[in-house]
Every structure is written in C-alpha cells, then in structure tokens.
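Enquirer: Sequence and computational prediction follow.
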Amino acid sequence: MSTDLLQSHSDISAYYPFRSNQSHITTSSTNPRSAAQEQASQPVRFIPVEPETLADTGLNEHELEALVLKSLLKRGTISGRGISESLHLPRPILQQPLERLRAELMIGIKGSSGLEDFVFQLTEAGFDRARRENQQCSYVGSAPVPLETYLAAIAEQSLQSSQLDVQKLKEAFRELRLSDVLLSQLGQAINDGRGMFLYGTPGNGKTSLSELVVSAYGEFIWIPRTITIDGELVRLYDPRSHEAVAVTELENVRHDRRWILIRRPTIVVGGELTMAQLDLQFNPSTGISEAPVQLRANGGALVVDDFGRQRMPTSELLNRLIVPMEKNHDYLNLSSGRQVSVPFDMLLVFSTNLEPSDLVDEAFLRRIPYKIEVSGPTREEFVTLFQELATKAGCQCEQAAVHYLLDTHYQATKRPLRFCHPRDLLRQIRNYCEFHKQPLAVSNETLDVAVRNYFAGL
C-alpha cells in the first residue's frame, strides 16, 4: 500500500473538497511543498536587527545580570559563549555585565574556555543573589524583548499590509481547484483580515478550511520568544502553537536571535475555551505569564471551532473578541493589576455546525463581515473524491462499487452525503482487508462491512 489513509489532519485537509452555496473545491494530487521549497516564494519582509549595545536590547543592567546569575545557578559552570547562546545575545553585550558581576564578587573564573573566553561559576554571595532572583522569577533562557519593540514588529508584519488579489489567492490554494464564487468569498474575507463565519453541517471540512485560510497570506513572520512588560515576563513562542522555520537565505544574515521565524500561526480553540484563556495566565510559582491564545495568534488566524459549544455564553465570547477585532488592539491584565494594550492583528474565524442566526442576534452578525456556508457534496463530487482517495491509498476501486454504496446505503436510507465519509469508509476497508489478508479493494462486501462499522442505527 503506497499511502496510509491514517494521515495527519493537515494532510487529509488537502484532499477535501468544500462547498459554499453553489461553489465547490475539488482536489489535485500535488503534494504540499516543504518549508525549504516554500522559502523561495515567501520573502521575509521584516528582519529584527541584531542589538549592538545594552540599550539596543531594551533591557536594563539588573534584568541582564539576573538572567546571567540564574543561568549559572541552573548550570553550575558555563562559559561566556554558553551564556551568549543561552540568552540569544551577542557576546560583546555580555562583557560588561560579566565584568561588573566579577567586580562585585558575584561570579568567579573557574578556567579558560578557548580564545578570549572563560568558564564562570557563582561565588557564595552570587549564589545567594541568584537564588533570590530565581525565587522571584525562575525564567532562564532567551533574553526578553520589550513590549514596545514587539508592537513595532507586528505593525511591520501586519495582515493589513498583506493585500491579496485573485492570482495570488489562486497560487496560495494551488493544491485545490476553487470555483470562482468560493474563491471570491474567501478572498474578500482574507483580504479584509478581520472576521468570518464558516457554517454548515458537520463533516464537510469547515475546520480544515479554517486551518488553511491563513496560508493564503503566504509569508513567515518573526516573533520574540519572550516579552517583558514593565519587568513582567510573558512567554509568547509556544512550539505547540507555532511552527518554526529555517530559511537558508538568512543563515548568514545577522539578526536578533531573541526572535524566531515562524509560519503565520493558526491557533484553533474549541469547546474547551474559557474566559481565562483569553487573558494572561500568571504562574506564581515561576513568576512567568503565558500568552493568551489571541496574542499567540497575532499575524495569523484565531479559529473558534465548534462555535456555540463553548463553556461560556456565545454573547460573552463574542463581546470579548469582536471589540478587539474592530479596534485592532486588545487589553490584557498584568499580575500587578495594570492593564496593557497589545495588538489584535489576526483573521478571526468562527466555525460552527449551527446556523449563525440561531447563535447570535442580528447586531452581532452584522459585526462579523463574512458568512460562508460549507455544504455537503453532490453525488458526482462524492464519487470523484472517493475514487481519488482510493487511488492515493493504492486501493482498487471501480466506479460501480461507489454507486452501489450511494444507492444502497445513502439514497435508500436518505443518509446525507459528507465530504469526510470517503476517507473514513476507506480506512474501514483498509483495516478489514489487512485483518483478513485480502487484496485492498473496494467491493460490495467491503463497503457493507465499512458501513456497518461506521454508521450507527442501521
């Protein structure tokens, strides 16, 4: 078998057709390109400048010394080069803090570490100070970036400056063949860069489409690993939410290593979303705050999946998100009690199986600019998709077998068609054939088994 049907969600989405009103997408067999291939056609518009002095970092002497001391507390001994790599700062910037800490008898030299470098360790006084610093905030790692610097960077990389036209949008969705109507609907919503409703019956790819729309911007962005706001640290980069990329053209370009290059993010939240996740989450044991979902989504998309199933009332959630969407900025509460303004620069997508008018009143609907229905396939689209996926999986499939499936198990029972059904039924067929050591093939027998396993209430 050449292709495993149990692919990741993002891979499967490339094979999905979608419908919006009378529009539809059909799939192509082109494989997604790797990050290395994409970099040539996705130029990086903004590069954070490498700091040359302490003032350039936006940090003060105490903040930098605290990071150095906590690095030594964690590692025991570490070279100047090692401290530079840990804090992602150039070695010349660390020279004065190290000399100052030596003069204050906080650190000492244990030995040499190559040309013009030494191995440092804490003194007894340095250990006491490092422990006090660690009790206040245990963060050790990349030096933080001031909020003001982050604000300027997001403005430079804003979605609002990433305007699209039809040709660019077609290129972004080159692996899918979109009808002109759906292309226009998505293009307008993406170009606006604010908000949209994707609605329709379940199983037709709303979530997959939600996760694909931000790729239409076709760019990478830089974000700092950590932000400092009046001395409070906020961890922004999250490997679970952000996909780091390496661009060979930048390997020899000097840049601020406190920043990391990522794909424009798509943050998906579902029924588990609570109001607490939309504000800074301070951990008193570490002294660090975790960025809320909308801050991590800046420069990309925030997808509220299965909208209407959240624990909080829909009106409360919409009130929390729509006002920032309209004003392009949000307010977050620091642990000190102070409020701070941060960018809200993202495409806000609400994906739901329910009718939008059943969820919110007319006033709310008017404030969400675009409503796009994602419907089920026609009979012809279902047959085409079933055969395409079977071919990709190395599964023998005659068109007559698919028509048998539709006549016997759909038309006769008035079962609605869903775009997810071909994938899921083929997975059932594959498992059945492997277990019984039969050739991988779609037949009346294997279809009957798949339907019996997959659908309830037969």
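Expert: The structure has been received and is ready for your questions.
Enquirer: chain center to stretch 214-231, what's the gap?
Expert: Centroid separation for stretch 214-231 versus its chain: 11 Å, with Cα atoms, centre = their mean, to the nearest Å.
Enquirer: I meant stretch 339-352, not that one.
Expert: Offset of stretch 339-352 from its chain centre (Cα atoms, centre = their mean): 13 Å.
Enquirer: For Glu326, report the pLDDT, please.
Expert: In the prediction, the pLDDT value recorded for Glu326 is 89.
Enquirer: what's the neighbour count on the closest residue to Pro48 other than its chain neighbours?
Expert: Counting by Cβ to Cβ, 6 or more residues apart in numbering, Pro48 lies nearest to Asp256, which is 3.9 Å off, once chain neighbours are set aside. Where you see a C-beta, it was placed from the backbone N, CA and C, and this is true even at glycine. For Asp256, the number of neighbouring residues by other Cβ atoms under 10 Å comes to 21.
Enquirer: now swap in His403 and tell me
Expert: 13.
Enquirer: which strands and helices sit next to the host helix or strand of Glu171?
Expert: Following DSSP states H and E, the helix or strand that holds Glu171 is helix 166-172. Packing partners of helix 166-172 (3 or more Cβ pairs under 8 Å, 6 or more residues apart in numbering; DSSP states H and E): helix 180-192.
Enquirer: Could you tell me which other helices and strands whichever strand or helix holds Val383 packs against?
Expert: Using DSSP H and E, Val383 falls within helix 379-392. Taking 3+ Cβ pairs under 8 Å, 6+ apart as the contact definition, the neighbouring helices and strands of helix 379-392 are strand 23-27, strand 396-397, helix 399-406, helix 421-435.
Enquirer: CA atoms only for the last one, dumped as CSV, please.
Expert: So that's helix 421-435. These are the backbone C-alpha positions of helix 421-435, laid out as CSV (Å, rounded to 0.1, in the frame of the first residue of the first chain):
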residue,chain,number,x,y,z
HIS,A,421,-17.2,9.8,4.6
PRO,A,422,-14.9,8.6,1.7
ARG,A,423,-11.8,9.0,3.8
ASP,A,424,-13.4,7.3,6.9
LEU,A,425,-15.0,4.4,4.9
LEU,A,426,-11.8,3.7,3.1
ARG,A,427,-10.0,3.5,6.4
GLN,A,428,-12.5,0.9,7.5
ILE,A,429,-12.0,-1.1,4.2
ARG,A,430,-8.2,-1.0,4.6
ASN,A,431,-8.4,-2.4,8.2
TYR,A,432,-10.8,-5.1,7.1
CYS,A,433,-8.7,-6.2,4.2
GLU,A,434,-5.5,-6.2,6.2
PHE,A,435,-7.1,-8.2,9.0
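Enquirer: Give me the contacts around the one helix or strand Ser71 maps to.
Expert: When secondary structure is defined by DSSP H and E, Ser71 falls within helix 61-75. By Cβ atoms under 8 Å, 6 or more residues apart in numbering, the residues outside helix 61-75 that reach it are 54, 57, 78, 82-83, 86-87, 93-94, 97-98, 100-101, 106-107, 120-122, 126-127, 129-131, 133-134, 137-140, 143-144, 228, 231.
Enquirer: Show me which positions of that helix end up buried.
Expert: Within helix 61-75, the residues that qualify as buried are Glu63, Leu64, Glu65, Ala66, Leu67, Val68, Leu69, Lys70, Ser71, Leu72, Leu73, Arg75, counting by 16 or more other Cβ atoms under 10 Å.
Enquirer: Check the last one and give its pLDDT.
Expert: I take that to be Arg75. On pLDDT, Arg75 comes in at 90.
Enquirer: For it, give its distance to His62.
Expert: When Cβ to Cβ, to the nearest Å is applied, the distance between Arg75 and His62 equals 21 Å.
Enquirer: Which stretches in the stretch 1-150 of the chain count as helices?
Expert: Taking DSSP state H, counting those that start in this stretch, the helices of the stretch 1-150 of the chain run over residues 9-13, 35-38, 54-57, 61-75, 80-87, 91-103, 124-136, 147-156.
Enquirer: Relative to Phe382, which of these is closest?
Expert: Counting by Cβ to Cβ, Phe382 lies closest to helix 9-13 out of the helices of the stretch 1-150 of the chain; the figure is 16.2 Å.
Enquirer: and the closest one, what's its mean pLDDT?
Expert: If you average the pLDDT over helix 9-13, you get 35.
Enquirer: Please apply the same query to stretch 442-458.
Expert: Taken as a whole, stretch 442-458 has a mean pLDDT of 89.
Enquirer: just how off-centre is that stretch within its chain?
Expert: Taking the mean of its C-alpha atoms, stretch 442-458 sits 36 Å from the chain's own mean (Cα atoms, centre = their mean).
Enquirer: Same question for stretch 120-133.
Expert: Averaging C-alpha positions (Cα atoms, centre = their mean) puts stretch 120-133 39 Å from its chain's average.
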